[in-house]
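Colleague: Need coordinates for the below:
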Amino acid sequence: MELLRGGASRLRALATECMPFELPLEVGRPWLYQWFDSRMVRLNGFQIGVLARSRKDLLLIALIADSDGLPMFASDDCERPVALDGEALARKWRAPASFLVRRNRLQTRRLELLALGSQVAIALVYGNQKDSLLYFGSRSRSSLRFPSRPTSPGKHLKSKFKVPDSTREVSIETRGRSLGTYNSFFAYEKYAFIGEFYDSKRWHALEAHWKNLRRLDVSNCFGSIYTHSFAWATSTDAHSKAHLGKLPEFPKADVGRIFDKVMQCANWGETHGICVGPESSRVFAEIIFQKMDLVIHQRLHRKKFTSADYEILRYVDDFFIFSDDLHTVDAVASVIKDVLTEGGFSLNQSKTQDYLTPFTTRISERKASLKVFLKLSLPYEGALPGYDIREISVHLRSTAISSDNDAQAVGAALTQIERRLRKFLRKRAAKCGEYDQARELFSYVWGFAHSMLYQYLSNPSVSSSMKIVRTLRDIRRASELCVGLSGRHRAMLEFESLESLHFAVARAIRRLVAAEDTEIEVCHFLSLASASQVRLSSGNRILSDICDVLDRHLSANDSAKANQAGVFLLLSTMKYFLTDSRASSDNVSRLMSTCGKFTDLLFGSQYLPAGQLKNHASQELLLLALIECPYISVDVKFELLNKAWVVASVRKSLGTADLTERSARRFLRRCLVDEVARQGDGMSGSDIGAFVWSDEDFDEQLYEKEPQFIY
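Modeller: Have a look, this model is predicted:
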């Protein structure tokens, strides 16, 4: 992807700020930004002008906006200008797609994918109110992570403007670090991830200066946020309460009331709680917490405390209190608790921890021990150490995992191993002049990969699954680094790596489908299998097991507010098993039957409250994905999509007010026929691409997933 300094650059929040990091690779790409970048002709405040170039474009516009009387036809030769009222779409209630991911073996986290109109509304708030957001988001000296400036557009991996450097660490958001494939809208001060703070010079300086540390954690932070408190954070409590009535036109309203309204409408119109997952929610929360930081310091100042007595730092919703006197720590913690309570928040008492200097945590100690072992076991020069796979596994387990099998500790360890392995392969593979030497190297490296896999499966989290997928992909492609070998020997290495990868992926998927809330993790491994051309020998059994998971998901999550992870798993499963006949005809029939059950549910007239909500994000995703699916016929697509909600959406927005159901269905079929024609002409349909059905950009998407956001 390439973000240019064009008319759509003000909407680039669509690329990074509006989607959860944990989404499957096929869903997480910034396709909506790309669509606007190729279609936009005007952007003035909250007013957008675009050119529709197909019936599919018109259908997408109908999903985004609430416009009546859109044209019924558009093509490359007959572009149709369409005006979108951003303020109107920002005021319409929409339903996010909530889905569960695993934090560890016992806990899950609920995340939300925003509906299309909500994503556009938030991008417009960013573009129009960036100066105000930066001002209100950078007032507290306590914050360890806050928006500091707008970023300039980035460049594509393959752009001629990008200097190749495979050794650099990748970040897309932190000032002072190299850009990835695209920027976030804002650059952030000071630490992108909490681990950077623990490893920083400032942390060591705090250890040297203060004797005591208390760490406080806010319980259910995003779920406790009252959206109207944003207006308080950007003005005063009295001012926000005095203006709780009807919101005026956006040009006459302040940023607090505008962003408050947008966040409400993105989450069912509710004022209590905000969506978890999008980066925009962290900006929203940060501004609220920055105001509370100011109140906390004011109250401590009135109590005659000075900067010589204490220091408070905060990373999102984690507070760090430093002092030489434990009574001062208690007093500061009491003030923080009071201010949080007034704001509708509470502390998680079970996570309150006290430390005496040095403040080194158990995770830091294990990271240091693991670093020593990795230097010994993965040297860049000399002979390979004599560790066998059992010894590798034992050493990694002893240095990576605490007695309570902490998934956070495992995640930090997997990051260390992943990066060391990548550098180890790059430095040593190029030096292999003989096939036996390269084969020994690869066998040794696969020992680490398999050990990482088992550590992850025993201590699971969705973020760790991505680290495993990246590591397996790196090793799978490492034969390309053996430039000193003949093409025949590289092919032999590639075949052996494929066999090892087949074993790892099959083992992972079989273990995952037997556990609960693993849908997103299964999606990641199916993506890897598809991109690496892994033909699962037990594919029919695996597909049958996944269909069982999907059936159970349907029966347990038949409401619009329930877990929507099954929609993502359905699409990823279709992508893998419908390609190249990777499953028997009977299992394919069962998969399509399951798909029909999903469309019956999501596209039924009773899925959303009639007239209250514009769209549900799962409805939009499934509709657009099935339209572009290259593996099923027009007749099958039409049967899946010819449902009440789809027809009603077409009738409401397209054509005249008296558009009949028959005409709406005719438009839908012609849209499907147009898509088949585009794909037949070599046009993949990626001009929308809400779900990516090809593997062409897999490695680029995997590269973009490297930064680990933690909510």
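Colleague: which SS state does Trp693 fall under?
Modeller: Using DSSP: H, G, I helix; E, B strand; the rest coil, the three-state assignment for Trp693 comes out as coil.
Colleague: Just give me the neighbour total for it.
Modeller: Trp693 sits with 21 neighbouring residues when counted by other Cβ atoms under 10 Å. (Glycine included, C-beta is placed from N, CA and C.)
Colleague: can you check Leu51 too?
Modeller: Other residues lying near Leu51 total 14 when counted by other Cβ under 10 Å.
Colleague: same check, this time on Lys304
Modeller: Residue neighbour count, defined by other Cβ under 10 Å, stands at 7 for Lys304.
Colleague: do the one 3 residues further on as well
Modeller: Under the neighbour criterion other Cβ under 10 Å, Ser307 is assigned a count of 11.
Colleague: now swap in the one 4 residues further on and tell me
Modeller: Residue crowding around Glu311 was assessed by other Cβ under 10 Å; the count is 17.
Colleague: what bits of this structure have low per-residue confidence?
Modeller: 1-8, 153-183, 236-245, 360-363, 400-406, 538-539, 656-657, 681-687, 707-711 (pLDDT under 70).
Colleague: which helix of it spans the most residues?
Modeller: Across the chain, the longest stretch assigned as helix under DSSP state H is helix 487-513.
Colleague: Check which helices and strands the helix or strand following that helix is in contact with.
Modeller: Next along the chain after helix 487-513, taking DSSP states H and E as the criterion, comes helix 519-531. Using 3 or more Cβ pairs under 8 Å, 6 or more residues apart in numbering; DSSP states H and E as the contact criterion, the elements in contact with helix 519-531 are strand 97-102, helix 462-476, helix 487-513, helix 539-556, helix 565-577, helix 698-704.
Colleague: Measure how helix 519-531 sits relative to helix 487-513, angle-wise.
Modeller: Inter-element angle recorded for helix 519-531 and helix 487-513: 160 degrees (by axes from the mean of the first three to the mean of the last three Cα atoms, to 10 degrees).
Colleague: can I get the helices and strands packed on helix 519-531 in CSV with mean neighbour count?
Modeller: Conversion of the helices and strands packed on helix 519-531 to CSV gives the following (neighbours: other Cβ atoms under 10 Å):
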stretch, mean neighbour count
strand 97-102, 24
helix 462-476, 23
helix 487-513, 17
helix 539-556, 18
helix 565-577, 25
helix 698-704, 18
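Colleague: if I pick Gln290, what's in contact with it?
Modeller: By Cβ atoms under 8 Å, 6 or more residues apart in numbering, the contact set of Gln290 is Phe136, Gly137, Ser138, Arg139, Ser140, Ser143, Phe146, Ala233.
Colleague: my read is the fifth one is in a helix, agree?
Modeller: No: the assignment for Ser140, made by three-state DSSP, is coil rather than a helix.
Colleague: So what's the residue count around it?
Modeller: Burial measure for Ser140: 21 neighbouring residues, criterion other Cβ under 10 Å.
Colleague: ok, now the third one?
Modeller: Other residues within reach of Ser138, judged by other Cβ under 10 Å, total 17.
Colleague: Renumber starting at 57 from here on
Modeller: OK, 57 is where the count begins now, so the last one is Ser194.
Colleague: Confirm that Gly660 lies within a helix, as I assumed.
Modeller: No: Gly660 is assigned coil when assessed by three-state DSSP, not a helix.
Colleague: Not including adjacent chain positions, what is the nearest residue to it?
Modeller: In space, not counting the residues next to it along the chain, Gly660 is nearest to Ala700; the distance is 5.8 Å by Cβ to Cβ, 6 or more residues apart in numbering.
Colleague: what do you get for Phe633?
Modeller: For Phe633, ignoring the flanking residues on the chain, the nearest one in space by Cβ to Cβ, 6+ apart is Ala639 at 4.4 Å.
Colleague: The one you found sits in which helix or strand?
Modeller: In the assignment (DSSP H and E), Ala639 maps to no helix and no strand.
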